[in-house]
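>>> structure for the following, please:
(3 chains)
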Amino acid sequence: MHYWLLKSEPFVFSWDNLVENEVESWEGVRNYQARNYLRSMRWGDQFFFYHSNEGLCIVGTGEIVEEAFDDPSCTDHPGRWSTVNVKPLMKFKTPISLSDIKAMPELKDMVLVNNTRLSVQPVTEFEWNYILKLGTF
DNA sequence: GCCAACGTTGGC
DNA sequence: GCCAACGTTGGC
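Sure, this is the predicted structure:
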């Protein structure tokens, strides 16, 4: 099992939208590095849901329920971009903000801190457990 | 609203 | 294949 972090601007697609929809195709990723991470996701992998631009916090967790397939929102380059299906798992009791994360030396190597623009990123098992503990406290 | 970081495009 | 110009993301 691997862990991930998916970013979304809440005014475009929020945690509440994910809960409403139950299953969502994570479409629209147009960055090769992010796409490659999408393609390496496996059924049952889990991810943090992060609100970017507004909120700036991890608000919950979700799970990959369908491995990568062609992104239907890309019409001009068939086969170039991929998407996965995800579902919500658990809402954090305490959202973990970016400033919280930056304040913790244990989390200084997170991609979220060091590559702010990457919208799909891996999370280590240590980082996963650490943040999960804080978020569900 | 600004700007840094990063990615992409296109001329050479 | 390099690099300048441009566009986008996202934190502040």
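
>>> A:R30 falls within a strand, correct?
No. Going by DSSP: H, G, I helix; E, B strand; the rest coil, the assignment for A:R30 is coil, not a strand.

>>> pLDDT score for the closest residue to it other than its chain neighbours?
The spatially closest residue to A:R30, leaving aside those adjacent along the chain, is A:W81, at 6.4 Å (C-beta to C-beta, 6 or more residues apart in numbering). Using the backbone N, CA and C atoms, a C-beta is placed for each residue, glycine as well. We have a pLDDT of 91 for A:W81.

>>> for A:W81, give its distance to A:N31.
9 Å (C-beta to C-beta, to the nearest Å).

>>> more neighbours, these two?
Neighbours around A:W81 and A:N31, counted as other C-beta atoms under 10 Å, are more numerous at A:W81. The numbers are 21 against 14.

>>> which residues sit in contact with the more buried one?
A:29-30, A:35, A:70-71, A:73-74 (C-beta atoms under 8 Å, 6 or more residues apart in numbering).

>>> same thing but at 6 Å, please
A:35, A:71, A:74 (C-beta atoms under 6 Å, 6 or more residues apart in numbering).
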